[in-house]
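Trainee: I'd like to go over a predicted model; first the sequence, then the structure.
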Amino acid sequence: MSDEIAFVPTMGALHAGHLELIKRARELSPEVVVSIFVNPLQFENPDDLAKYPRDLPADTQKALAAGATKVWAPLYEEVYPREIEKIFAGPIGELFEGRHRVGHFDGMLTVVHRLFEVVKPTYAIFGEKDFQQLFIVKKWVIENNVPVQIISVPTVRDKDGLALSSRNVRLSEADRKIALVINRALSTGSREGMLSTLAAESNFQLDYAEVIDEQSFGLAVQDTKFKRGIVAGWINGVRLLDNMAMGSN
Ligand code: PAF
């Protein structure tokens, strides 16, 4: 039996996107651990933390059905049993998402570090949906020789193009239709296209829409080889984000 663990860290509210992560984990190892922990340290907004959807019994069932061999839903004290050793995400953690959610990436890396300490995975699987998170985790792993292989899985979308997100359950039917503007904007393939598409939807409040260099996470320039559009904003009090590759030179 393999002693390699494939690990899928989650905050619960599992949807088909998470299930793809679990299926990918199962391809990597027969031992698949899924954690479910809503990490207060990465919520800069108490209202968002309070409203974060939680359904442990349903999540456990879904994770096991998708191939998890262990579902771990620790208490706060298990994750943070002593004084918290904060991990800092560095300057990239202050850009884009980090500018709008101050401290978010430090909180995210702090919990990822602790979860890795306990689970000791060989592989950890992250979705491309949170592209900046994926970039920051990969960078931290490389720079600190963390002995975990980071595996990424493409974003799962509904048929109409909306990226799956745990926050989508908070959208009304009308708001969900408005949310499709994000996919339309990214599909234009340029920053100008994104901005004009998003500006035409008055119910969408933009946080940012940029095109970044996938290799550095800085703003893309004309010669950038791998570009990616990144968008975040609000619809009726629900914050959504998405990203899409924008071709290469
Ligand atoms: O992507 C998430 O759900 C969270 O940021 C993570 C990686 C589980 C850390 O809390």
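Mentor: That came through fine.
Trainee: CA only for contacts and neighbour counts going forward, please
Mentor: Noted.
Trainee: so which bits of this structure are right by the ligand?
Mentor: Counting by Cα under 6 Å from any ligand atom, the residues of the chain close to the ligand are 9-11, 39, 108, 111-112.
Trainee: try it again with 8 Å
Mentor: Contact residues (Cα under 8 Å from any ligand atom) of the chain with the ligand: 8-12, 35-39, 42, 107-109, 111-112, 126-127, 130, 133.
Trainee: name the residue of the chain that lies nearest to the ligand.
Mentor: Nearest to the ligand in the chain, going by Cα to the nearest ligand atom, is residue 10, at a distance of 3.6 Å.
Trainee: what's the closest non-adjacent residue to that residue?
Mentor: residue 36 (5.1 Å; Cα to Cα, 6 or more residues apart in numbering).
Trainee: just the pLDDT for that neighbour.
Mentor: Per-residue pLDDT puts residue 36 at 98.
Trainee: what's the answer for residue 2, then?
Mentor: 66.
Trainee: what's the residue nearest to residue 10 in contact with, if anything?
Mentor: 9-12, 56, 71-74 (Cα atoms under 8 Å, 6 or more residues apart in numbering).
Trainee: just the helices from the chain, written as ranges.
Mentor: Along the chain, the stretches classed as helices by DSSP state H are 16-28, 46-51, 56-66, 76-79, 97-100, 104-119, 131-143, 173-187, 191-199.
Trainee: quick one: low-confidence ranges for this protein?
Mentor: Residue ranges of the chain with pLDDT under 70: 1-2, 249.
Trainee: center of it, which residue is that?
Mentor: Taking Cα atoms, centre = their mean, the centroid of the chain lies closest to residue 130, which sits 3.0 Å from it.
Trainee: follow-up on the earlier one: please indicate which of the contacts of residue 36 are buried?
Mentor: 9-12, 56, 71, 73 (16 or more other Cα atoms under 10 Å).
Trainee: redo these as JSON lines? Include distance to residue 190.
Mentor: Converted to JSON lines, the buried ones among the contacts of residue 36 look like this (distance: Cα to Cα, whole Å):
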{"residue": "9", "distance to residue 190": "32"}
{"residue": "10", "distance to residue 190": "31"}
{"residue": "11", "distance to residue 190": "32"}
{"residue": "12", "distance to residue 190": "33"}
{"residue": "56", "distance to residue 190": "40"}
{"residue": "71", "distance to residue 190": "41"}
{"residue": "73", "distance to residue 190": "41"}
